[in-house]
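**Q** I need the structure of the sequence given here:
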Amino acid sequence: MDSLRQIDTNADGALLPGRVLVVAGDTNLALEIEGAVQGLGKGWSTHRVFDGEECLGLLETATFSVLLLDTAMAGQNGLELFRRIKAMGYTVPVVVIAEKRTERAALDAFRAGVIDYVIKDRHFAAYLPLALSRAITQHRKNLENITAHSRLRLQLAQQTERRILDSFVAPIVHDIKSPLSSIVGANELLLSSVGHPVDPSVQHLIAIVQQAAGKIDDLVNQLLKFAFQEVEERVPVDLTKMLADVADREVQALTFRNIRLVRNIPDREVCVCAALKTMEQVFLNLLANAAEATVVAGGGVIKMALQRDETMAIVTVSDNGPGIDPDRLECLFDPFSLSCKPHGSGLGLAIVAGIVREHGGQVQVENLPERGAKFTVRLPLESHRLTALVLEDDSCVSKIIASQLDFFGIRADIYDDGEKVIRVLERGRWDLALLDIRIPGTSGIDVFLKIAELRPELVRRTVVVSGAIADTDMQRLLVDYPLPCLLKPYTPDQFNDTIRLLLRGA
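**A** Prediction:
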């Protein structure tokens, strides 16, 4: 036992306990194995099944520290069963028991991934505990040394820290900027409407309001700059490959936590327009969230599936954990919500929701009838990416806007005449709108008022562009409709911040 204890022990010096699944048709062999397992130490147990189908069925509902596989089962190939186990996503370490050892058979077994190959000879009972211990220890060390997983976790933590403000500042900033625009506009109107000479006390109060509004605007812009410090270009992303890669990187770490990851990912390409690293973070967060919920139940199963309809890619991540309090489902994606786990920052799902909305998608959550919860992410297919209505009569400016929107994976539908927009307004498919308020003929203000009348759902996704905040018509518009406003000339960062604000506000 001393040799075993040196291999894999806990603080008390005893081999870490677990369960051994024995697949053997021979009762005498099973009894001999059971005796050998008892030699591993206190707390170890065995569970015996007679054939491969029973083994696969049991692995659906239970986890084991090691699997002992007898190759001499009647009518069955033990190595083929092992390949089936691997193909179904189970990563339990396997020790093969054989009547005799041939170089070819042993080589095939080790190539397939078997950890040890034990011969049923006179030394079998003495060697088996050591073989089991070595198999379990090697498997645990392999899982603990997944450096790629560790780097991903560290990267995720760093990205989460950087995106803390990003996850909840955008909606808040929108709610601040809108009334702030009204305050500034109304204050300018008040200043222009008071009689002359202006009462010094009134003029002093107006100046205070104007100064305070300017400070608030500066503060909000600083928060935006911090929160939106990184904008990743949208490119065509094959979700089939991306989800498979994420699952491959996570599966062993999940197994180490007694969680099995089941995938239902099609072979065909499912393309969306997305920021690759950012979108990976969405599904890493969802897997981490499901794992936290599942661990509470002592382990279980997480399922990841991908499908598509005519316009959307649909990804689901579900678990068989305890589920989510029904009273908290509606606020689950709010910042600092701790609805599904007792610890953490409460920002993970808020980040997920923000990123998905930023890509023109939706995320939903529901409790499953049996137990557990399911998260559903819908993203526009690359062929149905977001479209922006752009009203701009300067061809150079419109080309720059189109290029900047393309960086976000948004197609620009450009018009230089407001009357043309109004004619197609009811049937146009747009996800957001950028309107220059001062163009010849029908102005951007006229177009916006028609949007408010005919397409009210587009109002919250509209930004007005102007060369001067002192424009009286625009001030009156902002009093009635607190809209984000881009002032010419604007920087790329200001443009990016505004677009992200619109996407998240939508």
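
**Q** what about residue 85, which SS state?
**A** Here residue 85 is recorded as helix under DSSP: H, G, I helix; E, B strand; the rest coil.

**Q** measure it to residue 395 for me?
**A** Here the criterion is Cβ to Cβ, to the nearest Å. By it, residue 85 lies 63 Å from residue 395. No exception for glycine: its C-beta is placed from N, CA and C like everyone else's.

**Q** Settle it for me: which of these two has more neighbours?
**A** Neighbour count, other Cβ atoms under 10 Å: between residue 85 and residue 395, residue 85 has more, with 21 against 10.

**Q** Who are the contact partners of the more buried one?
**A** Residues near residue 85 by Cβ atoms under 8 Å, 6 or more residues apart in numbering: 55, 56, 59, 67, 92, 94.

**Q** Helices - which of the residues you listed land there?
**A** Of the positions in the contacts of residue 85, 55, 56, 59 sit in helices, assigned by DSSP state H.

**Q** The last one against residue 92, yeah?
**A** Yes. Between residue 59 and residue 92 a contact is recorded at 7.4 Å, counting by Cβ atoms under 8 Å.

**Q** Identify the contacts common to the two.
**A** 21, 85.

**Q** just so I have it, where are all the strands in the stretch 51-200 of the chain?
**A** 66-70, 94-98, 116-119 (DSSP state E, counting those that start in this stretch).

**Q** and what of the stretch 401-506 of the chain?
**A** 411-415, 432-436, 462-466, 485-487.

**Q** mind putting these in TSV, mean pLDDT and distance to residue 102 included?
**A** Below are the strands of the stretch 401-506 of the chain laid out as TSV (pLDDT from 0 to 100; distance: least, Cβ to Cβ, whole Å):
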stretch	mean pLDDT	distance to residue 102
strand 411-415	93	63
strand 432-436	91	68
strand 462-466	85	73
strand 485-487	78	75
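
**Q** just these: most buried one?
**A** For the strands of the stretch 401-506 of the chain, the largest average neighbour count (mean count of other Cβ atoms under 10 Å) is found in strand 432-436, namely a mean of 25.

**Q** what packs against that strand?
**A** Identification of packing neighbours for strand 432-436 by 3 or more Cβ pairs under 8 Å, 6 or more residues apart in numbering; DSSP states H and E yields strand 387-391, helix 444-454, strand 462-466, helix 492-505.

**Q** Mean pLDDT, mean neighbour count and distance to residue 206 added to the strands of the stretch 51-200 of the chain, as TSV?
**A** Formatted as TSV, those follow (pLDDT from 0 to 100; neighbours: other Cβ atoms under 10 Å; distance: least, Cβ to Cβ, whole Å):
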stretch	mean pLDDT	mean neighbour count	distance to residue 206
strand 66-70	82	24	79
strand 94-98	82	23	80
strand 116-119	82	18	84
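
**Q** could I get those as CSV with distance to residue 267?
**A** CSV is the format used below for the strands of the stretch 51-200 of the chain (distance: least, Cβ to Cβ, whole Å):
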stretch, distance to residue 267
strand 66-70, 29
strand 94-98, 27
strand 116-119, 34
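
**Q** possible to save the strands of the stretch 401-506 of the chain as JSON lines with distance to residue 234?
**A** Below are the strands of the stretch 401-506 of the chain laid out as JSON lines (distance: least, Cβ to Cβ, whole Å):
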{"stretch": "strand 411-415", "distance to residue 234": "11"}
{"stretch": "strand 432-436", "distance to residue 234": "14"}
{"stretch": "strand 462-466", "distance to residue 234": "19"}
{"stretch": "strand 485-487", "distance to residue 234": "20"}
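
**Q** closest one to residue 280 among these?
**A** With Cβ to Cβ as the criterion, residue 280 lies closest to strand 411-415 of the strands of the stretch 401-506 of the chain, at 23.9 Å.

**Q** for the record, mean pLDDT for the helix or strand containing residue 273?
**A** For residue 273, the host element (DSSP states H and E) is strand 271-274. Computed over strand 271-274, the mean pLDDT rounds to 91.

**Q** Could you list every helix and strand that it packs against?
**A** Applying 3+ Cβ pairs under 8 Å, 6+ apart, we find strand 271-274 packed against strand 235-238, strand 373-380.

**Q** winner for burial among those strands?
**A** Greatest average neighbour count among the helices and strands packed on strand 271-274 goes to strand 373-380 (a mean of 21), per mean count of other Cβ under 10 Å.

**Q** How about residues contacting that strand?
**A** Residues outside strand 373-380 that contact it (Cβ under 8 Å, 6+ apart) are 239, 272-274, 282-283, 286, 289-290, 293, 311-319, 321, 323-324, 340, 352, 356, 359-368, 386.

**Q** go with 7 Å
**A** Strand 373-380 is touched from outside by 272, 274, 282, 286, 293, 311-319, 321, 323-324, 356, 359-368, 386, with contacts defined as Cβ atoms under 7 Å, 6 or more residues apart in numbering.

**Q** So what's the residue count around residue 57?
**A** 12.

**Q** what's the answer for residue 240, then?
**A** Neighbours of residue 240 (other Cβ under 10 Å): 18.

**Q** contacting residues around it?
**A** 265, 266, 268, 269, 270, 306.

**Q** what do you get if the cut-off is 10 Å, keeping everything else the same?
**A** Neighbour list for residue 240: 265, 266, 267, 268, 269, 270, 271, 306, 308, 313 [criterion: Cβ atoms under 10 Å, 6 or more residues apart in numbering].

**Q** now, which of those lie within strands?
**A** 271, 306, 308, 313 (DSSP state E).

**Q** Which of those has the largest number of neighbours?
**A** Comparing the ones in strands among the contacts of residue 240 by number of neighbours (other Cβ under 10 Å), residue 313 comes first, having 24 neighbours.

**Q** any idea how this protein splits into domains?
**A** Domain ranges of the chain: 2-145, 147-230, 235-383, 386-506, per automatic domain parsing.

**Q** Report the distance from the first one to the chain centre.
**A** For domain 2-145, the gap between its own C-alpha mean and the chain's C-alpha mean amounts to 36 Å (Cα atoms, centre = their mean, to the nearest Å).

**Q** now do the longest one
**A** Remark: domain 235-383 is offset 5 Å from the chain centroid, using Cα atoms, centre = their mean.

**Q** first to last residue in that domain, what's the distance?
**A** Using Cα to Cα, to the nearest Å, one end of domain 235-383 lies 12 Å from the other.

**Q** mind listing what's buried in the host helix or strand of residue 277?
**A** For residue 277, the host element (DSSP H and E) is helix 276-296. Buried residues in helix 276-296, counted by 16 or more other Cβ atoms under 10 Å: 278-295.

**Q** what's the answer for stretch 245-260, then?
**A** In stretch 245-260, counting by 16+ other Cβ under 10 Å, buried: 246, 247, 249, 250, 251, 252, 253, 254, 255, 256, 259, 260.

**Q** Now do the helices for the stretch 301-450 of the chain: every range, in order, please.
**A** Under the criterion DSSP state H, counting those that start in this stretch, the stretch 301-450 of the chain contains helices at 348-358, 395-407, 418-424, 444-454.
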